[in-house]
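A.B. asks: Just need the structure, nothing else, for what follows:
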Amino acid sequence: MNKATVNNHDQRLKKGSRVLFFWTLLWMLSVAGLVFGPKLMWDFDHTATVITIVINLVLGIKMLLVNKQHLNDMDDMQQKIHYNAMAISLGCTMVLGIIYGSLKPAGLLEENPNPSNLLFVMGLSYLIAVFINFRKYL
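C.D. replies: Numbering: from 1, shown residues only. Now for the predicted structure:
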């Protein structure tokens, strides 16, 4: 690749990262609205909650499409790193999710497992896998 192509690619990735950040932030705000809104903002009004669910779904779909476009804009090595990290993250989340979900029936956990805790596992395993893969390939 010549220097102009590399610069264009880098600019496209930076722009894609900003766009992905924007849509992810909007989606996260809609999640916060969905979690806290019924109790704190609209006193469990079903119509407001359903509207918030629809907004969350639309923003989530848009965020996924933007993320896919961002991955498509990456070069082959960057894609390999991220796809590998996604596979590891999915595997970790599945394995640990099954164990986590089995803790209450096994009598090892008093309260019901909170599925949102798995997002922490997913995010952390993804970040660690990306870091390890970047070190491996670069």
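A.B. asks: And the longest helix along the chain, how far out from the chain middle?
C.D. replies: If you go by DSSP state H, the chain has its longest helix at helix 3-40. A distance of 11 Å separates the centroid of the chain from that of helix 3-40, by CA atoms, centre = their mean, to the nearest Å.
A.B. asks: Packing partners of it?
C.D. replies: helix 46-73 (3 or more CB pairs under 8 Å, 6 or more residues apart in numbering; DSSP states H and E). To be clear about C-beta, it is placed using only N, CA and C from the backbone, and glycine gets the same treatment.
A.B. asks: What residues sit buried inside the helix it packs on?
C.D. replies: By neighbour count on 16 or more other CB atoms under 10 Å, the buried set for helix 46-73 is 52, 55-56, 59-60, 63, 66-67, 70.
A.B. asks: Quick check: pLDDT value at H9.
C.D. replies: pLDDT, H9: 85.
A.B. asks: If you drop the residues flanking it in sequence, what lies closest to the residue most central in space within the chain?
C.D. replies: Against the mean C-alpha coordinate of the chain, by CA atoms, centre = their mean, the closest residue is G123 at 7.0 Å. Nearest residue to G123, sequence neighbours excluded (CB to CB, 6 or more residues apart in numbering): S89, at 8.0 Å.
A.B. asks: Spit out the contact partners of the one you found.
C.D. replies: Residues counted as contacts of S89 (CB atoms under 8 Å, 6 or more residues apart in numbering) are 122-123, 125-126, 129.
A.B. asks: That one: what secondary structure?
C.D. replies: Classification of S89 using DSSP: H, G, I helix; E, B strand; the rest coil returns helix.
A.B. asks: So the closest residue in space to M86 that isn't next to it in sequence versus H9, what's the distance?
C.D. replies: Spatial nearest neighbour of M86, chain neighbours left out: Y126 (6.9 Å); criterion: CB to CB, 6+ apart. Between Y126 and H9 the distance, using CB to CB, to the nearest Å, works out to 23 Å.
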